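>>> this is the structure alone, sequence omitted:
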């Protein structure tokens, strides 16, 4: 039997669809969490205290890669202090897993910021773990931890 490209095309196409379909199968809850995660990233860049307050739970535990931990009020105060400005912030390779009313979010944080006082630039390369909880029908950031890469 002679095999040509046409005979190979259909199995290759079928395999490609089998691989792609699960990646496209995002639940409504995962999509809702993804939207909140992106809103959180945008609020961090903009240093928007109102948006950060709306996106976070009252019980927030926000852990930094240097091991200091902030509650909601302290996090928002420090994140919006104006002492530095974000030049770039990417959340790469985001994964979201919804389990009941909790979402586990992981991603690679790549950022660059600049100190307002002296113009010193610094880069961050972190692995982030976020836990979001559905509170009153809305996804809220409950906790966040980071590890330097």
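On my side now, so go ahead. Note that the structure is predicted; figures quoted are calculated from it, not measured.
>>> backbone phi and psi for the residue most central in space within the chain, please?
Residue closest to the average C-alpha location in the chain (CA atoms, centre = their mean): residue 37, at 4.9 Å. Note on residue 37: backbone dihedrals following degrees, to the nearest 10 are phi -60, psi -40.
>>> likewise residue 52?
Phi and psi for residue 52, reported as degrees, to the nearest 10, are phi -60, psi -40.
>>> one step back: hang on, isn't the residue nearest to the centre of the chain packed against residue 104?
No. With contact defined as CB atoms under 8 Å, residue 37 does not count as touching residue 104 (11.5 Å). To be clear about C-beta, it is placed using only N, CA and C from the backbone, and glycine gets the same treatment.
>>> joint contacts of the two?
96, 130 (CB atoms under 8 Å, 6 or more residues apart in numbering).
>>> can you give me the strands in the protein?
Using DSSP state E, the strands of the chain run over 56-63, 69-70, 84-99, 102-115, 121-135, 138-148.
>>> for the second one, packing partners?
Meaning strand 69-70. Helices and strands touching strand 69-70, by 3 or more CB pairs under 8 Å, 6 or more residues apart in numbering; DSSP states H and E, are strand 56-63.
>>> how about the strand it packs on: buried residues?
For strand 56-63, burial by neighbour count (16 or more other CB atoms under 10 Å) applies to 56, 57, 60, 61, 62, 63.
>>> for the protein, give me the ranges with low pLDDT.
Residue ranges of the chain with pLDDT under 70: 1-25.
>>> number of nearby residues for the closest residue to residue 132 other than its chain neighbours?
Nearest residue to residue 132 in three dimensions, chain neighbours excluded: residue 103, at 4.2 Å (CB to CB, 6 or more residues apart in numbering). Residue 103 has 24 neighbours, counted by other CB atoms under 10 Å.
>>> can you check residue 51 too?
Neighbourhood size, residue 51 [other CB under 10 Å]: 17.
>>> state the distance from the nearest residue to it once chain neighbours are set aside to residue 90.
Nearest residue to residue 51 in three dimensions, chain neighbours excluded: residue 43, at 3.8 Å (CB to CB, 6+ apart). As judged by CB to CB, to the nearest Å, residue 43 and residue 90 stand 15 Å apart.
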